[in-house]
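> Sequence plus the predicted model coming up.
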Amino acid sequence: MLTDTAELVAQARTSARPLFAFNVITLEHAQAIVAAANRAQRPVILQLSENAASYQGNPEPVLAACRMLASAAEIGVSLHLDHVESEQLLRLAPELGVSSIMVDRSRLPDEQNVALTRQATEWAHNHGLFVEAELGEIGGKGNAHTPGVRTNPADAAEFVAATGVDALAVAVGSTHAMTTRTARLDQALIIELARAVAVPLVLHGSSGIPDDELRAAAGNGIVKINVGTLLNVAFTGAIRAALAEDSGVDPRSYLRAGRAATEQAVHRLLQAVG
């Protein structure tokens with residue numbers, strides 16, 4: 001069933017079971033994620049990043065498909081725009097049918113990040129949107145947060161109070177776009193952040209984190225866990241294998257394989273981290 005992100009986050013925070021947000025690039029991604037969520041009976045977020053929206057050209061068709069899939073799902077599924085940097089995409093959010101956005105001004109100096117995030121949050125709240133943000137970039141994106149950089153609890157609390165955001169993405173050892181699951185999280189820092197910050201904590205760059213680390217992070221205060229690259233590894237690997245075996249030209253054969261592998265990857269993660 002189509003559900004608001006705020007409701008799913010509140011449920012996850014109360015139950016201490018993490019809420020997974022999976023990146024959607026193609027229709028096959030969305031189909032696989034919802035199918036896996038139905039199998040696992042775990043609510044999920046379908047999220048479209050600004051990069052994926054740019055790839056689509058017009059994000060409305062893929063988000064319309066996501067809405068249909070979410071509405072037909074057996075469990076709660078919400079729609080989210082991730083890493084929104086452009087004002088244009090921000091203003092489109094209510095029309096696109098999402099219930100939450102991540103406002104990403106983390107490439108800017110801190111004062112500008114705070115001021116513009118506060119403005120965006122006020123506008124989004126006036127349109128009924130749940131807002132996530134971050135102080136600086138998570139590792140793997142360069143600029144403010146490179147690997148090894150950590151979110152300071154006092155700074156995090158100050159940022160949340162100054163901006164009014166509903167959730168905060170924190171830098172605790174994860175890195176975007178990792179294709180191996182070898183990252184280790186600063187669990188002690190997660191505990192400190194959960195104590196210092198009044199809103200739910202979000203973990204980006206989770207594809208490179210082993211199951212045991214994700215379970216510990218959820219127990220220590222992470223509420224929402226974002227996953228993208230892990231799905232792409234499964235999707236692309238299955239397509240490569242299918243193309244190596246099939247000399248035909250029908251894309252359905254390899255896209256079906258990619259979708260099935262993605263579904264299995266999502267299902268396995270939902271089952272492993274609960």
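Arrived safely.
> okay but R195 is in contact with A156, surely?
No. Between R195 and A156 there is no contact under CB atoms under 8 Å: 10.6 Å. Glycine gets a C-beta too; all of them are placed from N, C-alpha and C.
> more crowded one of the two?
Shown here are R195 and A156; by other CB atoms under 10 Å, A156 has more neighbours (21 against 10).
> Which strand or helix spans that one?
helix 153-163 (DSSP states H and E).
> go on, L230?
helix 229-245.
> how about the next helix or strand after that helix as CSV, C-alpha atoms only?
Moving toward the C-terminus from helix 229-245, the next helix or strand (DSSP H and E) is helix 251-272. This file holds the C-alpha atoms of helix 251-272, laid out as CSV (Å, rounded to 0.1, in the frame of the first residue of the first chain):
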residue,chain,number,x,y,z
PRO,A,251,16.1,-7.6,-24.1
ARG,A,252,13.4,-9.3,-22.0
SER,A,253,15.6,-12.3,-21.4
TYR,A,254,18.5,-10.5,-19.8
LEU,A,255,16.3,-7.8,-18.1
ARG,A,256,14.3,-10.6,-16.5
ALA,A,257,17.5,-12.1,-15.2
GLY,A,258,18.6,-8.7,-13.8
ARG,A,259,15.3,-8.1,-12.1
ALA,A,260,15.3,-11.6,-10.5
ALA,A,261,18.8,-11.1,-9.2
THR,A,262,17.9,-7.7,-7.8
GLU,A,263,14.8,-9.1,-6.1
GLN,A,264,16.9,-11.8,-4.5
ALA,A,265,19.5,-9.3,-3.3
VAL,A,266,16.8,-7.1,-1.7
HIS,A,267,15.0,-10.0,-0.1
ARG,A,268,18.3,-11.4,1.3
LEU,A,269,19.1,-8.1,2.9
LEU,A,270,15.7,-7.6,4.4
GLN,A,271,15.8,-11.0,5.9
ALA,A,272,19.4,-10.6,7.2
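> Quick check: mean pLDDT of helix 251-272?
Confidence for helix 251-272, expressed as mean pLDDT, is 96.
> Tell me where this protein has strands.
Using DSSP state E, the strands assigned to the chain run over residues 19-23, 44-49, 77-84, 100-103, 130-134, 167-169, 201-203, 222-227.
> OK, contacts around V266?
For V266, the contacting residues are F20, F22, A32, I33, A36, A37, V44, V227, L231, by CB atoms under 8 Å, 6 or more residues apart in numbering.
> Using JSON lines, please lay out these together with neighbour count, distance to I75 and pLDDT.
Converted to JSON lines, the contacts of V266 look like this (neighbours: other CB atoms under 10 Å; distance: CB to CB, whole Å; pLDDT from 0 to 100):
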{"residue": "F20", "neighbour count": "25", "distance to I75": "12", "pLDDT": "97"}
{"residue": "F22", "neighbour count": "27", "distance to I75": "14", "pLDDT": "98"}
{"residue": "A32", "neighbour count": "26", "distance to I75": "15", "pLDDT": "98"}
{"residue": "I33", "neighbour count": "33", "distance to I75": "12", "pLDDT": "98"}
{"residue": "A36", "neighbour count": "24", "distance to I75": "11", "pLDDT": "98"}
{"residue": "A37", "neighbour count": "27", "distance to I75": "6", "pLDDT": "98"}
{"residue": "V44", "neighbour count": "26", "distance to I75": "8", "pLDDT": "98"}
{"residue": "V227", "neighbour count": "24", "distance to I75": "17", "pLDDT": "95"}
{"residue": "L231", "neighbour count": "26", "distance to I75": "19", "pLDDT": "96"}
